[in-house]
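Novice: here is my input, please return the structure:
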Amino acid sequence: MYKSLKILISETTKNYPKLFFLLVVALFFESVIVISSVITVIPLADYILDPKLTDPSRITNYVITFLDHLKIEKSYFAFAFLFVFTNLFRSLAGILIIYIILKIKFGIIKIIRISMFDEIFSAKWNFFNDLGFGKLMNTLNHELNKVSDITKHLAQTIPLIVQLIVLLIIPFLINFQLTFYTICITAMLVLPFGFLNKITHNLGKLEIAKSNKIIGTINETLQVAKLILSFGNKDKMLDKNRKATDEHIKVTIKTSIMTELSNYLFKPLAILGVIVSVGISINSETNFSELAGIFWSLYSIMPIISNLIKIRLAVNNFLPSYDQLIALREKAKINKEKVGKKIINSIEKNILLDNVNFNYEKRNETIKNISVNIKTKSITAIVGKSGSGKSTLIDLVLGLNAPESGKIFIDNQNINEINLVSYRKKIGFVPQDPILFYDTIKNNLLWANDKATDEEIEDCLKQANAYEFVMKLPNKLNTIVGERGAELSGGERQRVALARAIIRKPKILILDEATSSLDKQSEIIIKNSLKKISQNISILIVAHKSSLLNICDYVYVLKNKKIVEHGNYQKLINEEKSELKSLMV
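Specialist: Next up is the predicted model:
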C-alpha cells in the first residue's frame, strides 16, 4: 500500500516541480496568515472588554505597536477590520492552494492517461486478448479520476498539517496546561479511527472489482445491441445490468459511509473541545482575551483533525485504484512489442512467411509450418473455412503476433530487425468488421492520410465504388457516420473502409473478407480497381469464398491449420479433387 503511495508522490513531484514549489510558497504564506488570524482576535477581545486598554495582553501590545507604526488610531473598527482582513487573506490563500491542487490533479490525469495509452499501444497484440475492456475502460476513466483525487488529498494534507502545527503552537504558548488537557482528550477520541484504515482499503479493492464489472457489462451491452434486439433478449440483458449495478451500488454506499464517518463523528468532538476549554478556564487565571485566542485556535483545530482522518481513510480507499493502474502499466511493459531499428521505406519484392508456427496460450497449435510468398505487383489470396487460421495469419503479416518458430521476411529482411511502425505505415488494412470513427467520412479518410488532397479523396472513393453514394448523402463528405459507422449500411461501411485503406497509398493492401457485404455491381467495379492497383503494390485477399478470387495471381488454401494446396486460381478450381472447389460450393 505504502509503496504505491510512494510511487504516486514521486511521479507527482517529478512531473510538477514548479507547481509544487508554488504550493510550498502558498502554504508558507497561508501559515503566516493563519497565525495572524488567530492573533488578531486577542486585541479585538481586549478592546471589547476594556476600550481604554489599561491592562492589555502581550499580543495586544504588539498589535498596538504595529498600528502606531502605521499611524492608525486604536479603535473597535481598527481591531475588527484587522481581524476580518487577516481572515479574508486566509480565505484567498486557501483558494490559491485549491487552484494549484486542481491544476496538479487534472495534469496528473492527462499525463497518466496519455502515458498509459502510449504503453498500451506499445505492447504486443496479445496484451489486449485477455485484458477485459471493461477493466481497461474503467481504469482509464473512473479509477484514474480516483487516483487524481488521491493526489488532491495528499496535497491538501500539507496545508492542513501546517495549519494544525501553527494552531497548536499558539495555545501552547498562551496556556500550556489548558491546551494539553484538550489535546489528550482529542487524541483518545481519534485513536479508534485508526482501525478503519484496513476496512476502507479492503472496501476500495472490492469497489474496483465491481466497477470493472459494471463498466464491462455496460460496454458489452452497447456493443451487441443489434444482437440483443434480434434475439428479443432485452430482459436478460436488463437483468444482467441490474445485478451488476446493484452489486456496485452496495459496495459504493459502504465505501462512502466509511469515508464520511469521521467527518460526522468529529462534530461531537468539536463540542467537547469547547466544553473542556470553558470548564477548565473557569477556575484559571487566564486573561479572557488570551482565552479567546486559545478558543479560536482549538476550535479551528477540530475540523482540521477531522479532515486529516477523512483524507487518510479516503487515500486507503483510493489506493487500490492506483494499484490496478500500476498493474496494467506493468503488464503493458512486460508485453512491450520488440521493435527493430531498420526503417522500411518501401516493399519492393515480397513478404515471405517461411515455415511459420504459431499458437495462442492455452490452445492447440493454430497454424503449422505455413509458408506463404506475397509478391509485390500481384494479388495473393488466402482461402479457408472459419477457424482454419486465416485471421491468425493476417496478424502475423501485420506483425501483431510473432511466430513461435519459423521466420517472416520483408524484402529479405527479418521482421524482428524492422521498425514495425514504419512497416505498418506501408500497409492498408480492411478488417472483416470495418469500424469507422464517430466523425465525418472525410475525416475518417484523412485519419489514414492527413496529407491527402480533395482530388485524392475523390479518387480513392471512386476506386472503392463509394463516391456515388457519398455524393448523394445530404452532407456528402461531411456526413457523420455515427458510432462505429452505424449510420451507414454494411456495404457502404465496407466501401468507405476500403477507400480509407487505399488513400494511404500502401505498399501492401490487406483485405479480410472485405467484400462480403457488397453487391455484385460493386464487386465488379472493385475488381477492376484492385487489378489496376496491383500493378504497383501487393494485395492480400483473405476470404472464405469470394468472386474476387478469380483475379488473384496466386491462391493458398488453408485446412486443418496447414496449407493443403496452392497455385493459380484457374488451375486449382479446375482440378477434380480441389480443396478450393469444395470451399466454393
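Novice: any stretches of the stretch 351-500 of the chain with poor pLDDT?
Specialist: Flagging of the stretch 351-500 of the chain using pLDDT under 70 yields the residue ranges 362-365.
Novice: show me where it has strands.
Specialist: Applying DSSP state E, counting those that start in this stretch to the stretch 351-500 of the chain gives strands spanning 367-375, 378-384, 405-410, 413-414, 427-430.
Novice: which one of those strands lies closest to residue 258?
Specialist: The closest of the strands of the stretch 351-500 of the chain to residue 258 is strand 427-430. By CB to CB, the value is 49.7 Å. For every residue, glycine as well, the C-beta is placed using N, CA and C.
Novice: if you average pLDDT over the helix or strand containing residue 149, what comes out?
Specialist: Using DSSP states H and E, residue 149 falls within helix 144-174. Across helix 144-174, pLDDT averages out at 73.
Novice: buried residues in that helix?
Specialist: For helix 144-174, the neighbour count (16 or more other CB atoms under 10 Å) marks 144, 146-156, 158-160, 162-164, 166-168, 170-172, 174 as buried.
Novice: same question, stretch 83-92
Specialist: Buried residues in stretch 83-92, counted by 16+ other CB under 10 Å: 83, 86, 87, 89, 90.
Novice: take the strands of the stretch 351-500 of the chain and write them to JSON lines, including mean neighbour count.
Specialist: Listed next are the strands of the stretch 351-500 of the chain as JSON lines, based on neighbours: other CB atoms under 10 Å:
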{"stretch": "strand 367-375", "mean neighbour count": "18"}
{"stretch": "strand 378-384", "mean neighbour count": "24"}
{"stretch": "strand 405-410", "mean neighbour count": "17"}
{"stretch": "strand 413-414", "mean neighbour count": "14"}
{"stretch": "strand 427-430", "mean neighbour count": "23"}
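Novice: nearest to residue 95, out of these?
Specialist: Residue 95 lies closest to strand 427-430 among those, at 52.1 Å (CB to CB).
Novice: dump that closest one to PDB, keeping only the CA atoms.
Specialist: Output in PDB follows, covering the C-alpha atoms of strand 427-430 (Å, rounded to 0.1, in the frame of the first residue of the first chain):
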ATOM      1  CA  ILE A 427       0.000  -1.200 -45.100                       C
ATOM      2  CA  GLY A 428      -3.600  -0.600 -46.000                       C
ATOM      3  CA  PHE A 429      -5.900  -2.900 -44.000                       C
ATOM      4  CA  VAL A 430      -9.600  -3.500 -44.300                       C
END
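Novice: which residues does that strand contact?
Specialist: Applying CB atoms under 8 Å, 6 or more residues apart in numbering, the contact partners of strand 427-430 are 398, 448, 494, 497-498, 500-502, 504, 506-512, 514.
Novice: re the thing from before, redo the strands of the stretch 351-500 of the chain as TSV? Include distance to residue 393.
Specialist: Putting the strands of the stretch 351-500 of the chain into TSV (distance: least, CB to CB, whole Å) gives the following:
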stretch	distance to residue 393
strand 367-375	6
strand 378-384	6
strand 405-410	11
strand 413-414	18
strand 427-430	13
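Novice: closest one to residue 184 among the ones you listed?
Specialist: Closest approach to residue 184 among these (CB to CB): strand 427-430, 71.6 Å.
Novice: can you list the strands that that closest one pairs with?
Specialist: Sheet partners assigned to strand 427-430 using DSSP bridges are listed as strand 508-512 (parallel).
Novice: helix or strand next in line after the strand it pairs with, which one?
Specialist: Going down the chain from strand 508-512, the next helix or strand is helix 520-533, by DSSP H and E.
Novice: just want the angle from that following helix to strand 508-512.
Specialist: Using axes from the mean of the first three to the mean of the last three CA atoms, to 10 degrees, the direction of helix 520-533 lies 160 degrees away from that of strand 508-512.
Novice: who does helix 520-533 touch, helix- and strand-wise?
Specialist: helix 454-463, helix 490-502 (3 or more CB pairs under 8 Å, 6 or more residues apart in numbering; DSSP states H and E).
Novice: returning to what we had before: tell me which of the buried residues of stretch 83-92 fall in helices.
Specialist: Among these, the members falling in helices are 83, 86, 87, 89, 90 (criterion: DSSP state H).
Novice: tabulate those residues (TSV), appending distance to residue 107 and pLDDT.
Specialist: Below are these laid out as TSV (distance: CB to CB, whole Å; pLDDT from 0 to 100):
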residue	distance to residue 107	pLDDT
83	37	84
86	32	83
87	31	81
89	27	80
90	26	76
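Novice: pick the one among the residues you listed closest to residue 455.
Specialist: Residue 455 lies nearest to residue 89 out of those, by CB to CB, at 64.3 Å.
Novice: what sits against the closest one?
Specialist: Applying CB under 8 Å, 6+ apart to residue 89 gives the contacts 33, 36.
Novice: repeat for residue 500
Specialist: Counted by CB under 8 Å, 6+ apart, residue 500 has contacts 428, 430, 436, 444, 445, 447, 448.
Novice: can you do 10 Å?
Specialist: Contacts for residue 500 were tallied using CB atoms under 10 Å, 6 or more residues apart in numbering; they are 428-430, 434, 436-437, 441, 444-449, 460-461, 464, 466.
Novice: again, but for residue 479
Specialist: Residue 479 sits next to 439, 440, 441, 442, 470, 473, 487, 488 when contact means CB under 10 Å, 6+ apart.
Novice: swap the cut-off to 6 Å and go again
Specialist: Taking CB atoms under 6 Å, 6 or more residues apart in numbering, we find residue 479 in contact with 441, 473.
Novice: 457 is where my numbering starts, stick with that
Specialist: New numbering, starting at 457: the last item is residue 935.
Novice: relative to helix 600-630, how tilted is the host helix or strand of residue 499?
Specialist: Using DSSP H and E, residue 499 sits in helix 497-505. For helix 497-505 against helix 600-630, the angle between stretch directions is 50 degrees (the same axes, to 10 degrees).
Novice: same question for helix 497-505, mean pLDDT?
Specialist: Averaging pLDDT along helix 497-505 gives 82.
Novice: just give me how far that helix sits from the chain centre.
Specialist: Taking CA atoms, centre = their mean, to the nearest Å, one finds helix 497-505 lying 55 Å from the centre of the chain it belongs to.
Novice: again with stretch 855-874
Specialist: Put simply, stretch 855-874 sits 32 Å off its chain's centre (CA atoms, centre = their mean).
Novice: what's the end-to-end length of that stretch?
Specialist: Length of stretch 855-874, first residue to last, CA to CA, to the nearest Å: 10 Å.
Novice: any idea which element residue 478 lies in?
Specialist: Counting by DSSP H and E, residue 478 is found in helix 473-495.
Novice: an error on my part: the question was meant for residue 1021.
Specialist: Assigned by DSSP H and E, residue 1021 falls within strand 1018-1023.
Novice: grab the CA positions of that strand and hand them over as PDB.
Specialist: C-alpha atoms of strand 1018-1023 as PDB (Å, rounded to 0.1, in the frame of the first residue of the first chain):
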ATOM      1  CA  LYS A1018      -2.000 -26.200 -42.700                       C
ATOM      2  CA  ILE A1019      -1.700 -25.100 -46.400                       C
ATOM      3  CA  VAL A1020      -3.000 -28.100 -48.300                       C
ATOM      4  CA  GLU A1021      -2.700 -26.700 -51.800                       C
ATOM      5  CA  HIS A1022      -1.600 -23.500 -53.600                       C
ATOM      6  CA  GLY A1023      -1.300 -22.300 -57.100                       C
END
